[in-house]
Every structure is written in structure tokens, then in C-alpha cells.
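Engineer: with the input below, show me the fold.
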Amino acid sequence: MLFVIDMQNDFVDEEKGILSVTNAETLVPKIIKEIQEQEKKGEPVYYTLNQHELEDDDRSDEEKQWGLELFGPLKEVLKKHKAIKKKFHSISPENAAELRSQYEDDPDRIIEFIGVETNVCVLSNAIMLHNSFPLATIKVIKDLCAGSTEKLHNEALDVLESLKIEIH
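Structural biologist: Modelled structure (predicted):
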């Protein structure tokens with residue numbers, strides 16, 4: 001199972017994205033490749049859409065809508081997969097419970113995370129699913145994630161590893 005975290009225009013587009021993460025755009029080709037590899041293995045792919053509303057966002061409604069959409073080529077690659085909308089850092093406990101009811105929790109299950117930001121939403125979602133699937137192997141693919149800063153990216157990976165989440 002693969003989770004693609006918050007690869008939306010506002011986080012990925014370094015020119016126009018209001019919350020852009022440095023180097024997120026460079027991850028896109030590698031993320032597309034990973035999605036395609038997971039599809040070949042028959043693994044389910046989910047992606048999160050952060051429904052952020054910022055108080056100081058003076059953009060037009062059209063621009064705000066653009067910011068919420070998946071970044072460019074990811075729209076096409078992810079269109080046949082399931083979106084999970086979230087309003088804060090992680091999917092809701094209800095969404096996690098729904099996933100848990102659909103899939104067995106067993107030691108053979110692998111749940112992988114890629115996307116942005118390592119130190120916020122990747123971290124939060126990995127922990128949420130780790131709690132929902134305690135027998136599964138939870139992995140974060142570090143080269144397919146970007147953090148607010150390189151330092152925070154690496155610190156988040158250290159925290160995740162300390163929680164018995166595998167870093168690859």
C-alpha cells in the first residue's frame with residue numbers, strides 16, 4: 001500500500017505555491033515512477049489532499065482552488081486512485097479506521113509513505129497508520145520526501161525510525 005502525501009500545487013509549485021516546499025517539484029518524476037511500480041505489484045495507492053485555508057491568503061477563489069489541486073503530471077497518474085481529504089496534518093481517525101476495516105493487519109502488509117512535508121504531514125500520517133496497522137511494516141522512502149528544511153527532514157526521519165518505522 002502506498003500513500004502519496006500532499007503533492008498539491010500549493011506545496012509543490014515553487015513559483016506560485018503559497019506553501020511550497022523546497023525541492024518538492026524535483027521529486028515528481030521519481031514519485032510517478034514509484035506509483036507505477038506499486039500499480040504493477042497490484043498494491044493500492046492512496047493520496048492525501050490537504051484542505052488548507054489560510055487567514056492571510058488574499059488569492060482569488062480560482063487561485064485557491066488551483067492550490068488545492070494535485071501538481072501537474074500527478075493528476076493523470078493518480079486519477080484512478082483514491083484521494084483522502086484531510087483538514088490538518090494527518091488523515092482522520094475515521095479514515096484510518098475505514099482503511100483498517102478494508103485491509104487486514106498482518107506482518108506481511110507493507111505501507112509506504114512519500115511526499116511532503118517529511119516533518120509534518122508525512123510524519124503524522126505514518127504515525128496514524130502505524131497505530132491503525134500495528135502488525136504491518138511501515139516505511140518512509142526518504143528520497144521521495146521533502147521537509148520544510150533539510151535539517152527538519154532528517155530530524156523527522158530520526159523520530160520516525162525511533163518509532164520503529166523503517167526508513168528506506
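
Engineer: for Asp143, the count of nearby residues, please.
Structural biologist: The tally of other residues near Asp143 (other C-beta atoms under 10 Å) stands at 10. Heads up, the C-betas are built off the backbone N, CA and C, glycines and all.

Engineer: tell me how many other residues crowd the residue lying closest to it once chain neighbours are set aside.
Structural biologist: The shortest distance from Asp143 to any residue other than its chain neighbours is 7.1 Å, reached at Lys30 (C-beta to C-beta, 6 or more residues apart in numbering). By the measure other C-beta under 10 Å, the count of residues near Lys30 is 13.

Engineer: the longest helix anywhere in the chain: what's the following helix or strand?
Structural biologist: Counting by DSSP state H, the longest helix found in the chain is helix 24-40. Using DSSP states H and E, the helix or strand that follows helix 24-40 in sequence is strand 45-50.

Engineer: now that following strand and helix 24-40, what's the angle there?
Structural biologist: Going by axes from the mean of the first three to the mean of the last three C-alpha atoms, to 10 degrees, strand 45-50 is angled at 150 degrees with respect to helix 24-40.

Engineer: tell me the mean pLDDT for stretch 8-26?
Structural biologist: For stretch 8-26, mean pLDDT is 97.

Engineer: what's it in contact with?
Structural biologist: 7, 28, 49-50, 52, 54, 57, 59, 66-71, 116-117, 146-149 (C-beta atoms under 8 Å, 6 or more residues apart in numbering).

Engineer: what comes up buried for that stretch?
Structural biologist: 8-13, 17-21, 24-25 (16 or more other C-beta atoms under 10 Å).

Engineer: follow-up on the earlier one: so which of the contacts of stretch 8-26 are in strands?
Structural biologist: The strands, defined by DSSP state E, take in Leu49, Asn50, Val116, Ala146 from the contacts of stretch 8-26.

Engineer: dump the residues you listed to CSV, plus pLDDT, distance to Gly42 and neighbour count.
Structural biologist: CSV is the format used below for the ones in strands among the contacts of stretch 8-26 (pLDDT from 0 to 100; distance: C-beta to C-beta, whole Å; neighbours: other C-beta atoms under 10 Å):
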residue, pLDDT, distance to Gly42, neighbour count
Leu49, 98, 24, 16
Asn50, 97, 28, 22
Val116, 98, 26, 29
Ala146, 98, 28, 26
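
Engineer: can you list those in TSV and add distance to Lys87?
Structural biologist: Shown next, in TSV, are these (distance: C-beta to C-beta, whole Å):
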residue	distance to Lys87
Leu49	10
Asn50	8
Val116	17
Ala146	22
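
Engineer: now, the most widely separated pair of the buried residues of stretch 8-26?
Structural biologist: Using C-beta to C-beta, the pair of these lying farthest apart is Ile18 and Glu25, separated by 14.6 Å.

Engineer: if anything else comes up later, I'll come back, but that's it for now.
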